[in-house]
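**Student:** Please find the sequence and the predicted model below.
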Amino acid sequence: MKTKIIVTGGCGYIGSHTVIELIENHFDVVIIDDLSNSTEKTLQRIQKITGVLPTFVNLDLKDENATHTIFETHKDALGVIHFAAHKAVGESVQKPLRYYKNNLYSLLNTLEAQSEHGITNFIFSSSATVYGTPDVLPITEKNETQRPFSPYGNTKKIAEEILDDYSKSNKEFSAISLRYFNPIGAHESGEIGELPNGIPNNLMPYITQTAAGIREKLLVFGNDYPTKDGTPIRDYIHVVDLAKAHVFALNRLLHKEQEKSLEFFNLGTGVGYSVLDVINSFEEVTNSKLNYEITGRREGDVAQLYAATDLAKEKLGWTAKKELNEMIISSWTWEQKYRNETN
Ligand code: UDP
């Protein structure tokens, strides 16, 4: 019998890559997704890659009754990986209530429904944004969390606080919160990748869309930061490495190896690259010139964020393997393949 895992947001960018890793590690996956920022076609693409069509439930987790019904149906699941959330930083500043409502109601309904049906293991999709503007680099899990700049980021911080309270109140419940640094890249098959809704917020899809001629030029937000070339430094991690970390975290929960009922792990490579490093690497690997221009700083951006990766290595047995070049090539392959198919 395969172990059943419920993956909320499993049609999304990180969710879909994680579903592939779960299937390849012989888990039986049930995806819950409302397709608000993803497409059902992802299911066929997952099938093309793995040979398995995951079970799919089209459900908005804000719907409490429907969520309970679905968890009743799948109460033989042993764990939940919760990706479902709105994620556009800029939009969250414009529409904070939409973000708080969506990201927190869906979390609360999921926790209630899973607990009611005896599912005790939970993995949460968190973000390095919970560290705010860190005073100490690289960032370890011991760094204080701070109120993130955006409502989106704050939903991640509040969610971690909810998990903290809940795990203390329910001794059966075990959770791991994975704090992602900057996921980029796509599956090597070119079948799945990041599909931003409208104008991308994030650097990598903006670069690939500019190179593909969909955006006129990339704006580089500031070159007056205290970094080697003045542009901000981030810890970019290949989405497939990130996806694999979820399987390691899940196995830690299923094998009851966790030391506390709620644990936090950074998921990054530990290596920081500046915006100009990424642009230069992109130009090098694609042998092309990218149209870009330096402009003013973007509100809320911090100069440097990169992870200490020791804890994930020690406790999960996981490290990121893929280099920046692979991240860039796979992002670009995905962008071109996707455009060819949709044009
Ligand atoms: N960035 C940029 N132009 C863009 C998008 C992003 O210069 O159109 C920069 C941004 O200022 C930051 C880095 O790229 O320094 C990564 O930004 P992203 O939004 O991808 O991730 P974040 O670290 O903000 O979560």
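**Tutor:** That came through fine.
**Student:** where do the strands sit along this structure?
**Tutor:** Listed in chain order, the strands of the chain (DSSP state E) span 3-8, 27-33, 55-58, 79-82, 121-127, 174-180, 182-184, 218-221, 233-234, 236-238, 262-267, 273-274, 292-295.
**Student:** Save these as a markdown table, and put in distance to I20 too.
**Tutor:** Just so you know, the C-beta spots here come from the backbone N, C-alpha and C atoms, and that holds for glycine as well. Formatted as a markdown table, these follow (distance: least, C-beta to C-beta, whole Å):
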| stretch | distance to I20 |
| --- | --- |
| strand 3-8 | 11 |
| strand 27-33 | 9 |
| strand 55-58 | 14 |
| strand 79-82 | 13 |
| strand 121-127 | 16 |
| strand 174-180 | 17 |
| strand 182-184 | 14 |
| strand 218-221 | 29 |
| strand 233-234 | 25 |
| strand 236-238 | 13 |
| strand 262-267 | 17 |
| strand 273-274 | 26 |
| strand 292-295 | 32 |
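**Student:** Identify the bridge partners of the closest residue to T55 other than its chain neighbours.
**Tutor:** Once flanking residues are discounted, T55 sits nearest to V30: 4.5 Å by C-beta to C-beta, 6 or more residues apart in numbering. Beta-bridge partners for V30, by DSSP bridges, are I6, T55.
**Student:** per-residue confidence at V30?
**Tutor:** Model confidence at V30, given as pLDDT, is 98.
**Student:** Can you name the residues that contact it?
**Tutor:** 4-7, 54-57, 74, 77 (C-beta atoms under 8 Å, 6 or more residues apart in numbering).
**Student:** neighbours of V220, just the number please.
**Tutor:** Neighbour count of V220, defined by other C-beta atoms under 10 Å: 22.
**Student:** Distance of it relative to the ligand?
**Tutor:** 4 Å (C-beta to the nearest ligand atom, to the nearest Å).
**Student:** buried subset of the contacts of V30?
**Tutor:** Using 16 or more other C-beta atoms under 10 Å as the burial test, the contacts of V30 include 4-7, 54-57, 74, 77 as buried.
**Student:** Could you double-check that L111 lies in contact with Y166?
**Tutor:** Yes: in this structure, L111 is within contact of Y166 by C-beta atoms under 8 Å, at 6.1 Å.
**Student:** the more surrounded of the two?
**Tutor:** Neighbours were counted for L111 and for Y166 using other C-beta under 10 Å; L111 has more, 22 against 19.
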